[in-house]
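Engineer: Only the shape, not the letters, is given here:
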């Protein structure tokens, strides 16, 4: 596995994970954070992802040359933290474009950006696994290489219920001392199933 690229750890206040290729992917947890992510992390040559429909984080891959697998993983991550996840869509369309294609006009609300030129679109299945990356719990696409602590899919559990189930599962099997807040920070917001 490639060495994880550590850009200093300011990214940890956002949504983030490392792809199986070792590339950091960073996205917003809110409109304000989407705005901050674009301002703080985006470069013209970086790939950026957003669901085709409104209601997802902008996910930036901090690499000039991500692989197809890195892009697919970032697409899954983007989809799992989107409105379409909450709506129960089993396949979610995600647009991919470059940082140089993003623009912002004064009329656009916070966290909203326009994209000029062609975009590529992929369809992804929204499923995650809970792993530890850089000492933190992360809900990431199944294809990453770390030991999987739990599987997270779309379901009927509220975030609090899913968190309790995850904490019990981790404590019973792995004896890791993670807090409720750490789990809640890592997982999607609702409509969850934990295995």
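Structural biologist: Yep, it's here. Since the structure is predicted, the reported quantities are computational estimates derived from the model, not experimental observations.
Engineer: Tell me which stretches of the protein form strands.
Structural biologist: Per DSSP state E, the chain carries strands over the ranges 15-18, 24-27, 47-51, 59-61, 92-98, 102-103, 114-115, 120-124, 128-133, 136-140, 150-158, 190-194.
Engineer: and the residue sitting nearest the centre point of the chain, what is it in contact with?
Structural biologist: The centroid of the chain falls nearest to residue 77 when counting by CA atoms, centre = their mean (3.6 Å). By CB atoms under 8 Å, 6 or more residues apart in numbering, residue 77 lies in contact with 15, 17, 25, 27, 59, 128, 140, 141. (Each C-beta comes from the backbone N, C-alpha and C, glycine too.)
Engineer: Next one: it from residue 49, what distance?
Structural biologist: Going from residue 77 to residue 49 by CB to CB, to the nearest Å gives 8 Å.
Engineer: could you dump the strands of the chain to a markdown table with mean neighbour count and mean pLDDT?
Structural biologist: A markdown table is the format used below for the strands of the chain (neighbours: other CB atoms under 10 Å; pLDDT from 0 to 100):
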| stretch | mean neighbour count | mean pLDDT |
| --- | --- | --- |
| strand 15-18 | 25 | 96 |
| strand 24-27 | 26 | 96 |
| strand 47-51 | 25 | 97 |
| strand 59-61 | 28 | 98 |
| strand 92-98 | 20 | 98 |
| strand 102-103 | 14 | 94 |
| strand 114-115 | 12 | 94 |
| strand 120-124 | 15 | 98 |
| strand 128-133 | 21 | 94 |
| strand 136-140 | 22 | 93 |
| strand 150-158 | 17 | 95 |
| strand 190-194 | 18 | 93 |
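Engineer: Next, format these as TSV and append distance to residue 35.
Structural biologist: Converted to TSV, these look like this (distance: least, CB to CB, whole Å):
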stretch	distance to residue 35
strand 15-18	14
strand 24-27	12
strand 47-51	13
strand 59-61	13
strand 92-98	17
strand 102-103	11
strand 114-115	14
strand 120-124	24
strand 128-133	25
strand 136-140	23
strand 150-158	27
strand 190-194	24
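Engineer: wait, which of those strands is closest to residue 183?
Structural biologist: Proximity to residue 183 (CB to CB) singles out strand 136-140 among those, at 6.1 Å.
Engineer: picking up where we left off before, which pLDDT does the model give the residue nearest to the centre of the chain?
Structural biologist: Reading off the confidence values, residue 77 has pLDDT 98.
Engineer: same check, this time on the one 10 residues further on
Structural biologist: For residue 87, the model assigns a pLDDT of 94.
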